[in-house]
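1. Okay, predicted coordinates and the sequence, questions at the end:
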Number of protein chains: 2
Amino acid sequence: MKLLEQKIITEGKVRPGDVLKVDCFLNHQMDVDFLCQLGEEFHRLYADCGVNKILTIEASGIGIACLTAQFFHCPVLFAKKAKTSNLSDKLWASKVHSYTHNTDHDVIVAKKFLGEGDRVLIIDDFLANGSALNALLDLCRQAGATVVGAGIVIEKAYQPGGEVIRRRGIRVESLARIASMSVEDGIQFC
Amino acid sequence: MKLLEQKIITEGKVRPGDVLKVDCFLNHQMDVDFLCQLGEEFHRLYADCGVNKILTIEASGIGIACLTAQFFHCPVLFAKKAKTSNLSDKLWASKVHSYTHNTDHDVIVAKKFLGEGDRVLIIDDFLANGSALNALLDLCRQAGATVVGAGIVIEKAYQPGGEVIRRRGIRVESLARIASMSVEDGIQFC
């Protein structure tokens, strides 16, 4: 999506350690009018898929998920980071590995909100190694829900997450796919 | 707001320990079409206040803040829970006390996104003891930003937070104000 690529070029910053800072419009301050246009694009891509629920993960997926959901007229369900190790039998749970902090944590959704009748679109802001997306897919698998696909704002396509998940036959649509980036040479898109 | 009161009565559940569960439409699963109507109401209340930024706190405030912001055509900034005690001088920071867990944690926003030119509407899902709202007000005070008011979805009006903050001269608009609630007698609104 050209509009998004231009926004990343003009407002994003590449930092050492493979960090792309887009906190001015995506994941700290959110340019809501702009994100609405991304939501509309996700709707265009998945309009005929019978989506009845959007699944995301706290915190930075929630905004784009809500702004997308209004085009589908469906609810959003966000997976929460579990605060304790006391996981109830009323919850679906899966593990997310954080490569930044080298830790694992559980993410949970209430079983009553995700089940066999659901046709789920997964929305998230970033896809890199695929850890968060894999956990959301795992929650849907446990629940018996159908995943129609994933909608990602920015994919670091030089990391393996997206490729591995697509090879499993899951549709992944990323609005911007970064082929490479560095502080010296900036950002190249696929 | 009658529509919200009806929704709370029909879909909310009162649980022991002063818990109102509204996770079916507000803070886990989100009924986005319904929340849009609340956003429209916040806009009606604050339309003439020159709002140029909406401030909220992760995670459950983000959805309603984004759905409200599109009526104002302004960005959302969400305060993040600080993961470490290493607070940089590029951040405004304030403490939130959790009465549920009896712990304090820091919430932060980047200084570059909140400053003297801003006219801020604070949006959150709940107001009870006022701890989160006080932290957001404190961030705005440090930044020199003007707070035009707060928009709250559900206020537990029998707890002191809202009253104390209004007495400081801050406008607080809550779309549903609960006068009392209990498992036995259900919910009474103000």
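-> The structure has been received and is ready for your questions.

2. which stretches of chain A have low pLDDT?
-> Across chain A, the ranges flagged by pLDDT under 70 are A:84-86.

3. The residue most central in space within chain A: what's its closest spatial neighbour, skipping adjacent residues?
-> Centroid-nearest residue in chain A: residue A:124, 1.6 Å away (criterion: CA atoms, centre = their mean). Nearest residue to residue A:124 in three dimensions, chain neighbours excluded: residue A:61, at 4.6 Å (CB to CB, 6 or more residues apart in numbering or on different chains). (Each C-beta comes from the backbone N, C-alpha and C, glycine too.)

4. quick one, what contacts that neighbour?
-> A:78, A:123-125 (CB atoms under 8 Å, 6 or more residues apart in numbering or on different chains).

5. Return the residues of chain A in contact with chain B.
-> A:23-25, A:28-33, A:35-36, A:58-59, A:62-63, A:65-67, A:69-70, A:73-78, A:80, A:83, A:101, A:109-110, A:113 (CB under 8 Å from any CB of the partner chain).

6. after the helix or strand hosting residue A:121 comes which helix or strand?
-> Take DSSP states H and E as the rule and residue A:121 turns out to sit in strand A:119-127. The helix or strand immediately downstream of strand A:119-127 is helix A:131-143, counting by DSSP H and E.

7. That following helix vs strand A:119-127, what angle?
-> 160 degrees (axes from the mean of the first three to the mean of the last three CA atoms, to 10 degrees).

8. buried sites along helix A:131-143?
-> Neighbour counts using 16 or more other CB atoms under 10 Å in any protein chain shown place A:132-140, A:143 of helix A:131-143 among the buried residues.

9. got the angle for the next helix-or-strand element following it vs helix A:131-143?
-> Next in sequence after helix A:131-143, counting helices and strands by DSSP H and E, comes strand A:146-156. If you take the same axes, to 10 degrees, strand A:146-156 sits at 180 degrees to helix A:131-143.

10. Enumerate the positions of the helix or strand just after strand A:146-156 that are buried.
-> Next in sequence after strand A:146-156, counting helices and strands by DSSP H and E, comes helix A:161-167. Buried residues in helix A:161-167, defined by neighbour count with 16+ other CB under 10 Å: A:161-162, A:165.

11. residue boundaries of the helices in chain A?
-> A:2-11, A:32-46, A:61-72, A:131-143, A:161-167 (DSSP state H).

12. Relative to residue A:174, which of those helices is closest?
-> helix A:161-167 (6.6 Å; CB to CB).

13. and the residues of chain A next to chain B, which are buried?
-> A:23-25, A:28-32, A:35-36, A:58-59, A:62-63, A:65-67, A:69-70, A:74-78, A:80, A:109-110, A:113.

14. hang on, the earlier thing: which stretch among the helices of chain A approaches residue B:88 most closely?
-> helix A:2-11 (20.6 Å).

15. Strand A:146-156 and the closest one, what's the angle between them?
-> Using the same axes, to 10 degrees: helix A:2-11 against strand A:146-156 is 40 degrees.

16. Now do helix A:2-11: which elements does it pack against?
-> helix A:32-46, strand A:146-156, strand A:172-182, strand A:186-189 (3 or more CB pairs under 8 Å, 6 or more residues apart in numbering or on different chains; DSSP states H and E).

17. That'll do, ta.
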